[in-house]
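Undergrad: Sharing a model prediction with you, sequence too.
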Number of protein chains: 2
Amino acid sequence: MGNPKAAMIVIGDEILSGRTRDANMHHLAGELTKMGIDLCEARFVSDDQGAIVGAVRAMSDTYDHIFTSGGIGPTHDDITADCVAEAFGRSIDVRDDARALLEAHWTARGVEINEARLRMARIPAGARLIDNPVSIAPGFTIENVHVMAGVPNVFEAMVASVLPQLTGGKPLLSQSLRIERGEGEIAGPLAALAERYPELSIGSYPFQRDGIYGANIVVRGSDGAQVDAAMAELSGLFPA
Amino acid sequence: MGNPKAAMIVIGDEILSGRTRDANMHHLAGELTKMGIDLCEARFVSDDQGAIVGAVRAMSDTYDHIFTSGGIGPTHDDITADCVAEAFGRSIDVRDDARALLEAHWTARGVEINEARLRMARIPAGARLIDNPVSIAPGFTIENVHVMAGVPNVFEAMVASVLPQLTGGKPLLSQSLRIERGEGEIAGPLAALAERYPELSIGSYPFQRDGIYGANIVVRGSDGAQVDAAMAELSGLFPA
């Protein structure tokens, strides 16, 4: 019944070492929320075979969809495609359709085709390609795992290719109210409100800046009338 | 031997729904790298008891240190402290030392002490408090789990309180070289370089902007002389 459930695996030493700040999870989260797929969990793992294979196996059993980001380029540290193939016990090799896409792209640009570049045409047996309008080298979907690039503009283009093929659910609607009072003062009435609306998720996100403090209260749910009703009660409890 | 291994658990529906972009993982990653503690994994989970308890149990068995972010405020959606207590089979209640800190802070500001505010003094039995110079309400350490606030400036202050108490390892050193050539051209010689330096981690991070493309090659390791040597070879392979 409920919405489809999704998880993400972000792959890359550069993020866990603090060199790069990931942007892909935030992008995917927003896109999934719009179409009613619930992002339930995200795991960031290093460029390590055991870590990637383990995460794919554990999460593909638990969720309806898994989205991965990173590790599908031509260099030696790009091991995601091989790891996903291993997780599902599939063979992996350069595939003709992927090679044809890349050859057409490179030939038109006078770029030499070498072994490293052909690594990007390695696709696990039985996978479906994911279109990459930015830099051509495709992602792929195997079982319920969608394998995409880590470079943000390529990741975003692949997300735009994949999501329209998936069945969504009820989009999560949200409204928020900024209350300039301490959370300790808001908390009691807010908890009572949350109990009166068990189907809604009501969150409190405190802020404190330039001597002004308070909290943004966010009311989320898939039933617009309920969200409206809870927001009206909230505004009544904490008039501006 | 090797460096201590750490993992992070980021707790909060607001991040998984795409409303808020997490900043704490990137901050912690950088701080841990500086002191030679390896951040091996991060999991983002929702404000859900089963998800939080499960992640704490699974990860505290695997890693030397776990750092959590989020869910320790006064409102009904702040369930992290109770979940961590449950994960370790500990009782949890308002504790005198935590209450004293908060009462002194509020009394000085003429703020009424109520049940919601006292929720922030709930500490699992046997935990050690983590100092919070920003907003007083403490975090805590229980076993190998360090439980901290989600608000970024409070999280950062708590990280600064905790990390000096931990034993670090060899700081990870890194150097990078920007190469304005396609990754497909770089990949072959780079893989050979990586094979010659098995103790180093050599990553390639492509970019493409304003018609200029290439990759930043990052060489990481704890042995500065090896990093220097690999960088010298790299510069020789790809002169500017």
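TA: Looks like it came in fine.
Undergrad: Let me see the domain layout of chain A.
TA: Following automatic domain parsing, one finds the domains of chain A at A:5-165, A:173-237.
Undergrad: and the ones you listed, which is most packed in?
TA: Highest mean neighbour count of those: domain A:5-165, a mean of 20 (counted as mean count of other Cβ atoms under 10 Å in any protein chain shown). The way it works is simple: take the backbone N, C-alpha and C, and place the C-beta from them, glycine included.
Undergrad: and the helix or strand bottoming out on mean pLDDT in chain A, does that touch chain B?
TA: Least confident helix or strand of chain A, by mean pLDDT, DSSP states H and E, is strand A:201-209 with a mean of 87. Yes - counting by Cβ under 8 Å from any Cβ of the partner chain, chain B has neighbours in strand A:201-209: A:201-208.
Undergrad: Tabulate those residues (JSON lines), appending distance to residue A:175.
TA: JSON lines is the format used below for these (distance: Cβ to Cβ, whole Å):
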{"residue": "A:201", "distance to residue A:175": "12"}
{"residue": "A:202", "distance to residue A:175": "11"}
{"residue": "A:203", "distance to residue A:175": "12"}
{"residue": "A:204", "distance to residue A:175": "14"}
{"residue": "A:205", "distance to residue A:175": "13"}
{"residue": "A:206", "distance to residue A:175": "18"}
{"residue": "A:207", "distance to residue A:175": "17"}
{"residue": "A:208", "distance to residue A:175": "23"}
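Undergrad: Of those residues, which is the nearest to residue A:110?
TA: residue A:205 (52.4 Å; Cβ to Cβ).
Undergrad: If we ignore the residues flanking it in sequence, what's nearest the closest one?
TA: Sequence neighbours aside, residue A:216 is the residue nearest to residue A:205 in space, at 4.7 Å (criterion: Cβ to Cβ, 6 or more residues apart in numbering or on different chains).
Undergrad: For the one you found, list each beta-bridge partner.
TA: residue A:178, residue A:205 (DSSP bridges).
Undergrad: tell me the centre residue of chain A?
TA: In chain A, the residue lying closest to the centroid (Cα atoms, centre = their mean) is residue A:28, at 3.6 Å.
Undergrad: in which helix or strand would I find that one?
TA: helix A:24-34 (DSSP states H and E).
Undergrad: Pull the distance from that helix to the chain's centre.
TA: With Cα atoms, centre = their mean, to the nearest Å as the basis, helix A:24-34 stands 5 Å off its chain's centre.
Undergrad: What angle do helix B:24-34 and the helix or strand following that helix make with each other?
TA: For helix A:24-34, the succeeding helix or strand toward the C-terminus, using DSSP H and E, is strand A:38-45. Relative orientation of strand A:38-45 versus helix B:24-34 (axes from the mean of the first three to the mean of the last three Cα atoms, to 10 degrees): 10 degrees.
Undergrad: Please enumerate the strands of chain A.
TA: Using DSSP state E, the strands of chain A run over residues A:5-11, A:38-45, A:65-69, A:92-94, A:122-124, A:128-130, A:139-142, A:145-148, A:173-179, A:201-209, A:212-221.
Undergrad: These: lowest mean pLDDT?
TA: Ranked on mean pLDDT, the bottom entry among these is strand A:201-209, at a mean of 87.
Undergrad: How far off centre is that one?
TA: What separates the centre of strand A:201-209 from the centre of its chain is 23 Å, taken as Cα atoms, centre = their mean.
Undergrad: now stretch A:4-23
TA: Centre to centre, stretch against its chain (Cα atoms, centre = their mean), the figure for stretch A:4-23 is 9 Å.
Undergrad: ends of that stretch, how far apart?
TA: With Cα to Cα, to the nearest Å as the measure, the first residue of stretch A:4-23 is 23 Å from its last.
Undergrad: Next: stretch A:167-174.
TA: Termini of stretch A:167-174 sit 21 Å apart (Cα to Cα).
Undergrad: so can I have a markdown table of the strands of chain A showing distance to residue B:83?
TA: Formatted as a markdown table, these follow (distance: least, Cβ to Cβ, whole Å):
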| stretch | distance to residue B:83 |
| --- | --- |
| strand A:5-11 | 19 |
| strand A:38-45 | 15 |
| strand A:65-69 | 24 |
| strand A:92-94 | 40 |
| strand A:122-124 | 37 |
| strand A:128-130 | 36 |
| strand A:139-142 | 34 |
| strand A:145-148 | 29 |
| strand A:173-179 | 24 |
| strand A:201-209 | 16 |
| strand A:212-221 | 21 |
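Undergrad: and the helix holding residue A:28, average pLDDT?
TA: For helix A:24-34, mean pLDDT is 97.
Undergrad: what's the angle between it and strand A:65-69?
TA: 150 degrees.
Undergrad: which ones are touching residue A:188?
TA: For residue A:188, the contact set (Cβ atoms under 8 Å, 6 or more residues apart in numbering or on different chains) comprises B:114-116.
Undergrad: Restricting to those, which residues neighbour chain A?
TA: B:114-116.
Undergrad: Please identify which of the residues you listed is nearest to residue A:153.
TA: residue B:116 (44.2 Å).
Undergrad: For that closest one, give me the pLDDT.
TA: The model's pLDDT for residue B:116 equals 89.
Undergrad: Which residue, other than its chain neighbours, is closest to it?
TA: Leaving aside its chain neighbours, residue B:116 sits nearest to residue A:187 (3.2 Å; criterion: Cβ to Cβ, 6+ apart).
Undergrad: And the one you found, how far from residue A:23?
TA: Remark: distance between residue A:187 and residue A:23 (Cβ to Cβ, to the nearest Å) = 33 Å.
Undergrad: quick one: residue A:216 from residue A:203, how far?
TA: 9 Å.
Undergrad: same check, this time on residue A:230
TA: Distance of residue A:230 to residue A:203, computed by Cβ to Cβ: 12 Å.
Undergrad: Then residue A:140?
TA: For residue A:140, the distance to residue A:203 - Cβ to Cβ - is 36 Å.
Undergrad: Can you report phi and psi for the closest residue in space to residue A:34 that isn't next to it in sequence?
TA: The shortest distance from residue A:34 to any residue other than its chain neighbours is 5.9 Å, reached at residue A:171 (Cβ to Cβ, 6+ apart). Dihedral pair for residue A:171: phi -60, psi 140, per degrees, to the nearest 10.
Undergrad: so residue A:151 sits right up against residue B:204, yeah?
TA: No - using Cβ atoms under 8 Å, residue A:151 makes no contact with residue B:204, being 11.3 Å away.
Undergrad: circling back: doesn't residue A:176 make contact with the residue nearest to residue A:205?
TA: Yes - in this structure residue A:216 lies within contact range of residue A:176 using Cβ under 8 Å: 5.2 Å.
Undergrad: Wait, the residue nearest to the centre of chain A touches residue A:35, no?
TA: No - counting by Cβ under 8 Å, residue A:28 sits too far from residue A:35 to count as a contact (11.2 Å).
Undergrad: ok, now how distant is residue A:183 from residue A:133?
TA: 45 Å.
Undergrad: Same check on residue A:33?
TA: Residue A:33 sits 24 Å away from residue A:133, going by Cβ to Cβ.
Undergrad: quick one, what contacts residue A:235?
TA: Contacts of residue A:235 (Cβ under 8 Å, 6+ apart): residue A:177.
Undergrad: same thing but at 10 Å, please
TA: Contact analysis of residue A:235 by Cβ atoms under 10 Å, 6 or more residues apart in numbering or on different chains lists A:177, A:179, A:217.
Undergrad: what does residue A:60 give?
TA: Residue A:60 is in contact with A:7, A:9, A:66, A:84, A:87-88, A:142-145, counting by Cβ under 10 Å, 6+ apart.
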